[in-house]
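Peer 1: Make a model of this:
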Amino acid sequence: MKQATLAAAADQGAEFERFRRPTRRDVFLQTMDTIVPWAELCAVIEPHYPKVGKGRPPIGLERMLRMYFVQHWFNLADEACEEALLDSTALRRFVGIDLGRERVPDGTTLLKFRRLLEDDKHKLGAALFAKVGEVLQGKGLKVGTGTIVDATIISAPSSTKNDKGGRDPEMHQTRKGQQWHFGMKLHIGVDSATGLAHSAVVTAANVHDKHAIPQLLHGAEQEVYGDSAYASQQELIALKAPQARDRTNRRVGPAGIAADIERIANRIKSKVRSRVEHVFAVVKRQWGFNKVRYKGLAKNATRAFVALGLASIYMARSHLVE
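Peer 2: Numbering: from 1, shown residues only. Here you go, the predicted model:
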């Protein structure tokens, strides 16, 4: 056992902050510390993580993964994450840093770790998302026979006032309603029973929602839900899930008895379909992933997969807390 330093004692609040109470950040970090399957997630990355050898020994894998997750939860850039750890006792306690003994990993170290996860050869972001699904299924949250498909636009800078005088070539624009958007599109498949994402695809924003349908279905569906963007796609659905019934919302015509009946049917189906919006609310509102942070689809896809995995853990927290 290491003797605690004065810095560690101060971080723990022992005899220094008698009247402090736990904040929402404290409660959140304590919950995630308990329910995140650290060993399983570290096992995904460990074969590709630098080993002890010549030169400076690498920082512990779990510590870097904790720092990387803090970056996601609080929507921080690499250097901003370093500064947040220097500033926040709660974050240092979560990551396991004693400033009396060691430095906070700097932004460059976090950048190198993030680049490891973004490596297109290993696709560790998608692997972490898949591992979270395996762990949740092991806890009893099985993938059922209904899937909800949906897509959301993640904005990218549209300005050309930069060194190269152009936009990100992998991002594109699309029109939603009467408004134009520039960026990428995150397509997800969500289990209709648990409300948790089990599949995801990242494309440029100009790719129509329907093209991702085969990649979002697992094949054993009996029902597929979606908004009117997926209407009349029975053939695409049947290619991957031949037994699935099409429960997507229909486009409603002019006023009349038939249109009123169709609206009622759409409302009934939307009571199930709306569960997909809960996932987007966590990823875009709580995690702050409503704008891209990096150039290109690959880096942002890694961020999207990890954010979805963390969202699944957070949404299933009542089942994971023992």
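Peer 1: what are the ranges of the strands in the stretch 51-200 of the chain?
Peer 2: Chain-ordered strands for the stretch 51-200 of the chain, with DSSP state E, counting those that start in this stretch as the definition, fall at 146-155, 172-176, 179-191, 197-204.
Peer 1: Could you dump those into a markdown table with mean pLDDT, distance to L110 and mean neighbour count added?
Peer 2: No exception for glycine: its C-beta is placed from N, CA and C like everyone else's. Shown next, in a markdown table, are the strands of the stretch 51-200 of the chain (pLDDT from 0 to 100; distance: least, C-beta to C-beta, whole Å; neighbours: other C-beta atoms under 10 Å):
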| stretch | mean pLDDT | distance to L110 | mean neighbour count |
| --- | --- | --- | --- |
| strand 146-155 | 96 | 22 | 22 |
| strand 172-176 | 92 | 30 | 14 |
| strand 179-191 | 96 | 23 | 22 |
| strand 197-204 | 97 | 22 | 22 |
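Peer 1: Quick one: these as TSV, columns for distance to V44 too.
Peer 2: Rendered in TSV, the data for those read as follows (distance: least, C-beta to C-beta, whole Å):
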stretch	distance to V44
strand 146-155	24
strand 172-176	32
strand 179-191	20
strand 197-204	17
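Peer 1: Out of those strands, which is closest to N266?
Peer 2: Put simply, out of the strands of the stretch 51-200 of the chain the one that sits nearest N266 is strand 146-155, at 14.1 Å, with distance taken as C-beta to C-beta.
Peer 1: Let's see that closest one as PDB, backbone CA atoms only.
Peer 2: Backbone C-alpha positions of strand 146-155 (Å, rounded to 0.1, in the frame of the first residue of the first chain) are rendered in PDB as follows:
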ATOM      1  CA  GLY A 146     -37.700  -5.600 -33.200                       C
ATOM      2  CA  THR A 147     -35.300  -3.000 -34.500                       C
ATOM      3  CA  ILE A 148     -35.800   0.800 -34.800                       C
ATOM      4  CA  VAL A 149     -33.800   2.500 -37.500                       C
ATOM      5  CA  ASP A 150     -33.000   6.200 -37.600                       C
ATOM      6  CA  ALA A 151     -30.400   8.700 -38.600                       C
ATOM      7  CA  THR A 152     -29.200  12.100 -37.300                       C
ATOM      8  CA  ILE A 153     -27.000  14.800 -38.800                       C
ATOM      9  CA  ILE A 154     -23.800  15.700 -37.100                       C
ATOM     10  CA  SER A 155     -22.800  19.200 -38.200                       C
END
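Peer 1: Which strands or helices does it pack on?
Peer 2: In terms of contacts (3 or more C-beta pairs under 8 Å, 6 or more residues apart in numbering; DSSP states H and E), strand 146-155 is packed against strand 179-191, helix 213-216, strand 223-225, helix 257-273, helix 275-280.
Peer 1: pLDDT below threshold where in the stretch 51-200 of the chain?
Peer 2: Filtered on pLDDT under 70, the stretch 51-200 of the chain yields the residue ranges 54.
Peer 1: re earlier: so which of the strands of the stretch 51-200 of the chain is nearest E221?
Peer 2: Closest among those, once you apply C-beta to C-beta, is strand 146-155, at 5.0 Å.
Peer 1: all helices of this structure, in order?
Peer 2: In the chain, the segments counted as helices under DSSP state H are 6-12, 24-35, 38-45, 61-73, 78-87, 89-95, 107-118, 124-138, 213-216, 234-240, 257-273, 275-280, 297-315, 317-320.
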